[in-house]
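[1] Give me coordinates for this.
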Amino acid sequence: MSLRRPRTLLAMSPELRPGLLDAATARRLREVAEVELELVVDDFGRPGAAATALAEAEVLLTCWGAPAVDARVLAAAPRLRAVVHAAGSVKQLITEACWERGIVVSSAAAANSAPVAEYTVAMVLLSNKRVMQLREEYRGVRGRPHDWHLRYAHAGNYRRTVGVVGASRIGRRVIELLRPYDLEPVLYDPYVSPEEAAGLGVRAVGLDELCRVSDVVSLHAPELPRTRSMIDRRRLGLMRDGATLINTARGSLVDTAALTDEVASGRLHAVIDVTEPEVLPAESPLYDLPNVLLTPHIAGSLGNELHRMADSAIQEIARYAAGLPFAHPVHREDLYRTA
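    Alright, predicted model coming up:
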């Protein structure tokens, strides 16, 4: 492994840096890169130290809150050769100018997919067990005798069908993590053949059929024009009474108004980590409904899980410094169908 340490600039929300790079992680980064840990840029147009560092940088180490790397930025960064993103999607970060310049790009999407998949599987199991509803009801009765087996006779995870929408990196990991359980996964993905689906251990179905047969529908598709409101009022209507919709992908995949109507009626349940708009208005019923678990986009890396993404990025910088290709490259032609 080469001892060369490329000049690296941190670009992200400044308040994120301490959580991403703790003392141990920062030490590992310094071993592979020449970097000023106290200089964190969230605006490439800012004069002074930020502009000087940008002009000298060979590598950008980015995370959430990094500004887009456009033609103007590249003009101010003549030495820049690589962008290593310590997070998932680079769609808001990498512009056409980067590809035209020949910038090589890496993403920690694989590292960030792990907690999303774990969260999803946990929610599948808890949803089928009706844990949220049981908690609310038990809190209400305060220990008074109840025949829970009679009241929740249809709860449980034995032989339930889980519909996975999208054989993305996360979707595939969810399928893998579901294997030890007595659950039947089915998959909708227009890019996956029935034979490939069988190789993943699932049955390929159309989206309408998936909605009809699944006890849980879990979304793992990218945000694209054709996926906007793919779970609309009609498809929500196809879902079984008592089924659960899990969305850890993008809020735009679901018709929010239609979902709100369905869960407010009590017919469906929902686990929602992403919404459209990204922050719901305070008066939204989704905050308070007992059959809805609403979280603020935390299924991905949170707390010490940020270190997994940082470690991935540091390993990529080490590979770059040694003249090796990235282990997790982002290719221009793949962006049209990825998150």
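[2] can you pull the contacts of the residue positioned nearest the centre of the chain?
    The centroid of the chain falls nearest to G300 when counting by C-alpha atoms, centre = their mean (5.1 Å). By C-beta atoms under 8 Å, 6 or more residues apart in numbering, G300 lies in contact with G88, N112, P115, V116, T248. Yep, even glycine has a C-beta here, placed from its N, CA and C like the rest.
[3] go again using 10 Å as the cut-off
    When contacts are counted by C-beta atoms under 10 Å, 6 or more residues apart in numbering, G300 touches 64, 87-88, 109, 111-116, 119, 170, 248, 273-274, 306, 309.
[4] pLDDT at it, what is it?
    For G300, the pLDDT comes out at 95.
[5] cool, R337 as well?
    For R337, pLDDT reads 67.
[6] A167 now?
    According to the prediction, A167 has pLDDT 96.
[7] What separation do you get for it and G303?
    Applying C-beta to C-beta, to the nearest Å, the value for A167 to G303 is 28 Å.
[8] and if you look at A198?
    37 Å.
[9] Which of these two has more residues huddled nearby?
    A198 (13 against 9; other C-beta atoms under 10 Å).
[10] My read is that the more buried one contacts A204, right?
    Yes: A198 lies in contact with A204 (C-beta atoms under 10 Å); the separation is 7.7 Å.
[11] Need the residues touching each of these two.
    Contacts common to A198 and A204, judged by C-beta under 10 Å, 6+ apart, are L187, V192.
[12] Now do the longest strand belonging to the chain, average pLDDT.
    In the chain, assigned by DSSP state E, the strand with the most residues is strand 34-41. Strand 34-41 shows a mean pLDDT of 96 in the predicted model.
[13] So what are the sheet partners of it and their directions?
    strand 7-11 (parallel) (DSSP bridges).
[14] helix or strand for the residue nearest to the centre of the chain, which one?
    Per DSSP states H and E, G300 falls between elements, in no helix or strand.
[15] Could you do R27 as well?
    Here R27 is assigned to helix 23-32, by DSSP H and E.
[16] Give the buried residues for that helix.
    Neighbour counts over helix 23-32 (16 or more other C-beta atoms under 10 Å) mark T25, A26, R28, L29, V32 as buried.
[17] which residues touch the first one?
    Just to be clear, that refers to T25. G19, A86, L306, H307, M309, A310, D311, A313, I314.
[18] quick one on the thing from earlier: closest one to D288 out of the buried residues of helix 23-32, please.
    T25 (39.0 Å; C-beta to C-beta).
[19] how near is that closest one to L93?
    21 Å.
[20] cool, and S127?
    34 Å.
[21] Those two: which has the busier surroundings?
    S127 (27 against 23).
[22] Do a quick rundown of the strands in the stretch 51-200 of the chain.
    59-62, 82-85, 104-107, 160-165, 183-188 (DSSP state E, counting those that start in this stretch).
[23] Just the pLDDT at the residue of the chain positioned farthest from its centre, thanks.
    The centre of the chain is farthest from one residue, P145, which by C-alpha atoms, centre = their mean lies 41.5 Å away. pLDDT for P145: 80.
[24] same check, this time on A197
    For A197, the predicted pLDDT is 97.
[25] How about S2?
    So, for S2, pLDDT stands at 49.
[26] so the longest helix along the chain versus strand 183-188, what angle?
    As assigned by DSSP state H, the longest helix anywhere in the chain is helix 109-128. Computed with axes from the mean of the first three to the mean of the last three C-alpha atoms, to 10 degrees, the direction of helix 109-128 lies at 130 degrees from that of strand 183-188.
[27] how far off strand 160-165 does helix 109-128 point, in degrees?
    Going by the same axes, to 10 degrees, helix 109-128 makes 150 degrees with strand 160-165.
[28] Report the buried residues of helix 109-128.
    Buried residues in helix 109-128 (16+ other C-beta under 10 Å): 109-117, 119-121, 123-128.
[29] Can you tell me how far V124 is from L150?
    24 Å.
[30] List of residues touching the longest strand of the chain?
    Residues contacting strand 34-41 (C-beta under 10 Å, 6+ apart): 4-18, 20-21, 26-27, 29-30, 49-54, 56-63, 65-67, 317, 321.
[31] now do 8 Å
    Counting by C-beta under 8 Å, 6+ apart, 5-14, 17, 21, 26, 29-30, 49-50, 53-54, 61, 67 sit against strand 34-41.
[32] just to revisit the earlier point, please tell me how far the residue nearest to the centre of the chain sits from D241.
    G300 is 31 Å from D241, by C-beta to C-beta.
[33] and what of D215?
    Distance from D215 to D241, by C-beta to C-beta: 11 Å.
[34] Show me what V217 bridges to in the sheet.
    Bridge pairing for V217 - DSSP bridges - gives G163, L245.
[35] Any idea how many residues pack against it?
    29.
[36] just checking, it touches R240?
    No: applying C-beta atoms under 8 Å as the test, V217 and R240 come out as separate, 9.7 Å apart.
[37] The nearest residue to E262 once chain neighbours are set aside: neighbour count?
    Counting by C-beta to C-beta, 6 or more residues apart in numbering, L268 is the residue found nearest to E262 once chain neighbours are left out, at 4.4 Å. Residues near L268, counting by other C-beta under 10 Å, number 22.
[38] Right, I'll leave it there.
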